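> Test case, fold it:
(one chain, ligands or ions: 1)
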Amino acid sequence: MFRRGAPGYARAVRLNPRLDTLPSYPTVVLDEKRAALLASGKRVFDFGTGDPTEPTPEFIRAQVAPAIPDNCRYPTVLGGAAVREAFCGWAHRRFGVSLNPATQVLPSSGSKEAVFHLPLLVVDPDAPDRTVVFPDPGYSVYHRGAVLAGGVPHPQRLAGDFKQRVWELPPEVLRQTRLVWINSPHNPTGAVLTRADLRRTWEVCREYDILLASDECYADTWFGEPPPSILEVAQEGVIAIFSLSKRSGMTGYRTGMIAGDPAWMRKLRELRVNPGLAPQDFVNAAAAAAWNDDAHADERRAIFKAKRDVMVAFLERAGLEIVASEASFYLWVRAPEGHTGQTYAERLLEAGIMTNPGSAFAVTDSADPYVRLALVPDVETCREACAAWEAVL
Ligand SMILES: Cc1ncc(COP(=O)(O)O)c(C=O)c1O
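Numbers count the residues shown, from 1 in each chain. Prediction:
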């Protein structure tokens with residue numbers, strides 16, 4: 001044993017051990033697979049990563065350059081009033097809710113960082129009650145954020161219709177819980193919680209004094225009835241997170257919104273000053289234009305619906321079961337007999353069709369035997385993908 005810095009001391013790479021408890025990030029795995037396929041000269045039908053290819057509308061892009069001043073100074077965590085007011089206008093049109101833009105809303109650099117950082121608001125790594133509940137399968141950042149904040153992750157295993165029923169959690173888990181994540185419309189399954197489900201969830205969280213965090217990043221990507229928001233049900237003890245990534249085709253801008261209970265939002269604002277979580281003002285300018293306009297979101301929804309119709313018709317013809325998949329831009333497909341999600345995703349990959357094995361989104365075995373399709377390729381490419389898929393049926 002050598003003291004650090006003493007002669008002969010071998011410098012070991014010492015890392016945060018919590019990092020090693022996390023599986024590889026799903027999109028990193030996909031990127032490697034895609035690169036290998038392309039290098040082999042194969043055509044790739046990419047239903048893997050949920051990153052839409054339709055261009056960002058011109059009127060949104062046009063906001064950016066004029067909003068860059070000669071001296072581009074530090075942005076603030078609160079951001080300018082325009083983007084917060086634009087978001088509140090959307091929330092009122094979309095859900096009929098009134099939010100105070102001065103006290104209830106903060107912009108985020110995409111919703112992912114907001115999801116990742118939120119446990120820091122409530123998790124005390126030294127306390128026995130530091131559980132973070134999240135849907136499993138689910139967006140993997142709920143788990144990662146909980147672990148790296150020093151919380152105890154509690155994946156709530158979904159099955160059947162893949163709806164998360166927080167009220168079914170055992171009381172001993174709820175007593176230890178500080179934060180519950182819900183996600184409707186849900187990634188990866190597209191399941192939607194009804195207003196009654198949301199109310200029941202909120203009541204449980206209030207009873208146990210738990211912060212209810214609602215990730216509504218697919219709020220504007222629906223095909224039948226528009227999904228309700230937790231904010232319609234209640235705002236006390238609630239933080240909801242929204243995104244322009246899919247609604248407005250702005251994944252690369254990194255722009256989202258956080259909204260909810262003013263008491264929690266005030267504390268969140270203080271927290272977010274520490275790492276400097278403040279989107280650039282010129283991104284906020286583009287975001288304001290996007291939240292102020294619904295026509296482009298309607299158009300994008302129609303595009304996603306056209307792709308979805310092609311894929312659903314094919315999958316049904318092929319006898320493959322589509323489960324949940326009410327909203328969001330994902331299809332949750334049960335692999336045929338004899339396959340796990342992983343083996344079926346690999347089989348499809350042989351035909352150049354990239355999907356995500358359900359297990360990429362799960363900590364438990366809840367996501368087998370499913371694969372997730374993100375409705376990314378355009379309608380024509382979806383048709384061609386169906387022909388390629390036909391060949392491996
Ligand atoms: C459920 C869910 N939440 C949050 C995000 C993050 O989105 P963004 O950071 O692009 O706003 C995603 C991205 O795919 C998601 O699926």
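
> where does the stretch 101-250 of the chain come near the ligand, residue by residue?
With CB under 6 Å from any ligand atom as the criterion, the stretch 101-250 of the chain meets the ligand at residues 110, 111, 112, 115, 139, 183, 187, 215, 217, 243, 245. Heads up, the C-betas are built off the backbone N, CA and C, glycines and all.

> pLDDT weak spots in the stretch 1-150 of the chain?
For the stretch 1-150 of the chain, the stretches flagged by pLDDT under 70 are 1-5, 7-10.

> where exactly do the helices run in it?
26-39, 58-61, 81-95, 111-117, 119-122, 141-148 (DSSP state H, counting those that start in this stretch).

> distance between the fifth one and the chain's centre?
Which is helix 119-122. Averaging C-alpha positions (CA atoms, centre = their mean, to the nearest Å) puts helix 119-122 18 Å from its chain's average.

> mind checking how far residue 338 is from residue 359?
As for residue 338, its distance to residue 359 is 16 Å (criterion: CB to CB, to the nearest Å).

> ugh, wrong one, I meant residue 31
17 Å.

> More neighbours: which of those two?
Taking other CB atoms under 10 Å, residue 31 and residue 359 do not tie; residue 359 has more neighbours (22 against 13).

> Just to be sure, the more buried one is in a strand?
No. Read with DSSP: H, G, I helix; E, B strand; the rest coil, residue 359 is helix and lies in no strand.

> Quick one: list the elements packing against the helix ranked longest in the chain.
Determined from DSSP state H, the single longest helix within the chain is helix 295-317. Using 3 or more CB pairs under 8 Å, 6 or more residues apart in numbering; DSSP states H and E, the elements in contact with helix 295-317 are strand 322-323, strand 330-334, helix 379-390.

> Among these, which comes closest to residue 277?
Minimum separation from residue 277 across these (CB to CB) falls at strand 330-334, 27.3 Å.

> Can you confirm whether the closest one lies near the ligand?
No. When contact is scored as CB under 6 Å from any ligand atom, no part of strand 330-334 falls within range of the ligand; the minimum is 8.4 Å.

> hmm, back to that, which one of the helices of the stretch 1-150 of the chain lies nearest to residue 382?
Residue 382 lies closest to helix 26-39 among those, at 17.5 Å (CB to CB).

> ok, residues contacting that closest one?
Helix 26-39 is contacted from outside by 44, 46, 48, 49, 140, 349, 352, 354, 356, 360, 361, using CB atoms under 8 Å, 6 or more residues apart in numbering.

> give the contact list for the residue nearest to the second one when sequence neighbours are not counted.
Nearest non-adjacent residue to residue 46, counting by CB to CB, 6 or more residues apart in numbering: residue 354, 4.9 Å away. By CB under 8 Å, 6+ apart, the contact list for residue 354 reads 30, 33, 34, 37, 44, 45, 46, 47, 48, 348.

> Can you say which of the residues you listed are buried?
Neighbour-count burial (16 or more other CB atoms under 10 Å) is assigned, among these, to 30, 34, 37, 44, 45, 46, 47, 48, 348.

> Switch those residues over to a markdown table; also include distance to residue 369.
Formatted as a markdown table, these follow (distance: CB to CB, whole Å):
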| residue | distance to residue 369 |
| --- | --- |
| 30 | 19 |
| 34 | 23 |
| 37 | 23 |
| 44 | 23 |
| 45 | 21 |
| 46 | 22 |
| 47 | 17 |
| 48 | 18 |
| 348 | 13 |
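
> would JSON lines of those residues with distance to the ligand be doable?
Formatted as JSON lines, the buried ones among the contacts of residue 354 follow (distance: CB to the nearest ligand atom, whole Å):
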{"residue": "30", "distance to the ligand": "12"}
{"residue": "34", "distance to the ligand": "17"}
{"residue": "37", "distance to the ligand": "22"}
{"residue": "44", "distance to the ligand": "20"}
{"residue": "45", "distance to the ligand": "19"}
{"residue": "46", "distance to the ligand": "15"}
{"residue": "47", "distance to the ligand": "14"}
{"residue": "48", "distance to the ligand": "12"}
{"residue": "348", "distance to the ligand": "21"}
